[in-house]
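S.K.: Sequence plus the predicted model coming up.
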Amino acid sequence: MDLQGLSVRDLAPIAGLNRSRLHRGLHREADKRIPLRMPETTAILHALGIDPIEALIAKDVFDTTQGVDFDDVLKVIAMVCGMVKGLSEEIVTVVRHVDGLAFDDVRPEHGEAARGLIVKAVTVEYTKLVRRRSLRGDGFGDD
């Protein structure tokens with residue numbers, strides 16, 4: 001809401017919610033908030049143009065990450081959302097198309113292993129990016 005310059009008064013009609021209930025659910029002081037129902041939360045996210053997956057990832061990142069600038073965290077969230085959105089459908093396609101593989105073979109612990117592979121790949125790619133940037137920036141190899 002702050003990033004979009006919206007107040008509760010502005011958001012309530014956009015989300016189709018009662019202003020006083022919305023105010024109590026989004027109170028700036030956490031101990032004064034009331035729990036919002038899932039349809040209300042979905043309406044708020046939709047009104048703000050936030051994908052529910054993005055909201056879940058953001059909550060996890062903000063709960064577990066400290067000492068990082070808010071705008072920088074938003075960039076990471078956007079990247080992670082790009083990786084996650086549609087991933088389930090792609091995994092279903094993989095399972096259907098790999099001969100000899102069945103859905104019974106898919107296990108929760110495979111997610112942890114896959115996350116490790118993704119982090120390694122991201123580390124390699126960002127290392128390459130920094131290396132290319134440093135080669136351009138210091139004049140090495142310029143014609």
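M.R.: Received the coordinates, thanks. A quick note: this is a predicted structure, and the numbers were derived from the prediction, not measured.

S.K.: Please name the spatially closest residue to Phe62 (chain neighbours excluded).
M.R.: In space, and not counting its chain neighbours, Phe62 is closest to Val73: 6.8 Å by C-beta to C-beta, 6 or more residues apart in numbering. Placement of C-beta: from N, CA and C, glycine included.

S.K.: repeat for Thr65
M.R.: Here the nearest residue to Thr65 in space, its sequence neighbours aside, is Val73; by C-beta to C-beta, 6+ apart that works out to 6.3 Å.

S.K.: so that neighbour sits right up against Asp60, yeah?
M.R.: No. With contact defined as C-beta atoms under 8 Å, Val73 and Asp60 do not form a contacting pair (10.9 Å).

S.K.: okay, Gly137: pLDDT?
M.R.: Among the per-residue scores, Gly137 shows a pLDDT of 63.

S.K.: What helix or strand is Lys128 located in?
M.R.: Secondary structure from DSSP states H and E places Lys128 in helix 108-137.

S.K.: That helix: how far from the chain's middle?
M.R.: 18 Å (C-alpha atoms, centre = their mean, to the nearest Å).

S.K.: now swap in stretch 52-69 and tell me
M.R.: Taking the mean C-alpha point of stretch 52-69 and that of its whole chain, the gap between them comes to 7 Å (C-alpha atoms, centre = their mean).

S.K.: Now for His27, how many residues are close by?
M.R.: 13 (other C-beta atoms under 10 Å).

S.K.: Is it correct that it is in contact with Arg33?
M.R.: Yes. Counting by C-beta under 8 Å, His27 does reach Arg33; the two are 4.7 Å apart.

S.K.: and the residue lying closest to Leu101 once chain neighbours are set aside, how many neighbours?
M.R.: Nearest residue to Leu101 in three dimensions, chain neighbours excluded: Val95, at 5.5 Å (C-beta to C-beta, 6+ apart). Around Val95 there are 14 other residues, counting by other C-beta under 10 Å.

S.K.: Thank you kindly, that will do.
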